[in-house]
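Student: I'll drop the sequence and a predicted model, then ask my questions.
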Amino acid sequence: MGGYKDMSVAIKSKGVAKPGQTPYAKLKFEGGVHRVQRVPETESQGRIHTSAAGVLILPEAEEIDVDINMNDLRIDVYRSSGPGGQSVNTTDSAVRITHVPTGIVVSCQNEKSQLQNKESALRILRARMLAAAQEEAERIASAERKNQVRTVDRSERIRTYNFPENRLSDHRVNYKANNLDSVMNGDLEAVIQSLIDADRTAKLSAGNS
């Protein structure tokens, strides 16, 4: 990657990844400032030079789908109002559906039968829930982006790659290992697992407090 000041890389898994095994789940802790200590080939005095790279890790936007649990719905029927004929105004054909967990309410009385109004209301409800889910996903993604950008802007180093000593240090979990040569060949599993374990422990502690 020498010579590049800015670049983007997309990483995808083969097939359907298990929860917690997606590329983002594994690599999300790589976001931040990575410091590199090395002796360049052009350095005649053997002095160590320090440089840094800011990394942002973001999940690829995916299509969102919503499942409606019928047990989460409160369905009320009532008589339609307005034009529509005698059968519309004298029977309980209008339908109001409330999605209890979110408080989204949809009413439909345009059709002649209760069943048709219910089907229409469910379609509208699903569309509104989908829009709400997409908005929430965008909000979370935006917050994650801003958080990582702030971290990079503050130049808070998360990891140091010391080539003269063949040492990798992750400053968030006090992880150190003298296997930088292996890490540069893709052997990141140990440091990634230490970060996953630390994150899990922090979440458990927060949940118990």
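Tutor: Perfect, thanks for sending it. Residues are numbered from 1 along each chain as shown.

Student: From here on, just use CA atoms for contacts and neighbour counts.
Tutor: Noted.

Student: now residue 36, which residues is it bridged with?
Tutor: When assigned by DSSP bridges, residue 36 has beta-bridge partners residue 51, residue 161.

Student: close enough to count as contact, it and residue 50?
Tutor: Yes. If you go by Cα atoms under 8 Å, residue 36 and residue 50 touch, sitting 5.6 Å apart.

Student: more neighbours, the two?
Tutor: residue 36 (17 against 14; other Cα atoms under 10 Å).

Student: now that one: how far from residue 163?
Tutor: Using Cα to Cα, to the nearest Å, residue 36 is found at 8 Å from residue 163.

Student: what's the answer for residue 206, then?
Tutor: 37 Å.

Student: Show me which of those two is the more surrounded one.
Tutor: residue 163 (17 against 9).

Student: So which residues of the protein form helices?
Tutor: Secondary structure of the chain by DSSP state H: the helices cover 23-27, 86-90, 114-153, 180-184, 189-208.

Student: got those helices as JSON lines, with mean pLDDT columns?
Tutor: Below are these laid out as JSON lines (pLDDT from 0 to 100):
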{"stretch": "helix 23-27", "mean pLDDT": "85"}
{"stretch": "helix 86-90", "mean pLDDT": "52"}
{"stretch": "helix 114-153", "mean pLDDT": "84"}
{"stretch": "helix 180-184", "mean pLDDT": "95"}
{"stretch": "helix 189-208", "mean pLDDT": "90"}
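
Student: Of these, which is nearest residue 72?
Tutor: Nearest to residue 72 among these is helix 114-153 (12.1 Å), distances taken as Cα to Cα.

Student: would you put the C-alpha positions of stretch 131-144 in PDB?
Tutor: Presented in PDB, the C-alpha positions along stretch 131-144 are these (Å, rounded to 0.1, in the frame of the first residue of the first chain):
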ATOM      1  CA  ALA A 131     -39.100   3.100   7.000                       C
ATOM      2  CA  ALA A 132     -38.500   3.400  10.700                       C
ATOM      3  CA  ALA A 133     -36.000   0.500  10.700                       C
ATOM      4  CA  GLN A 134     -34.100   2.100   7.800                       C
ATOM      5  CA  GLU A 135     -34.000   5.500   9.600                       C
ATOM      6  CA  GLU A 136     -32.700   3.800  12.800                       C
ATOM      7  CA  ALA A 137     -30.000   1.900  10.900                       C
ATOM      8  CA  GLU A 138     -28.900   5.100   9.200                       C
ATOM      9  CA  ARG A 139     -28.800   6.900  12.600                       C
ATOM     10  CA  ILE A 140     -26.600   4.200  14.100                       C
ATOM     11  CA  ALA A 141     -24.300   4.100  11.100                       C
ATOM     12  CA  SER A 142     -24.000   7.900  11.200                       C
ATOM     13  CA  ALA A 143     -23.200   7.900  14.900                       C
ATOM     14  CA  GLU A 144     -20.600   5.100  14.300                       C
END
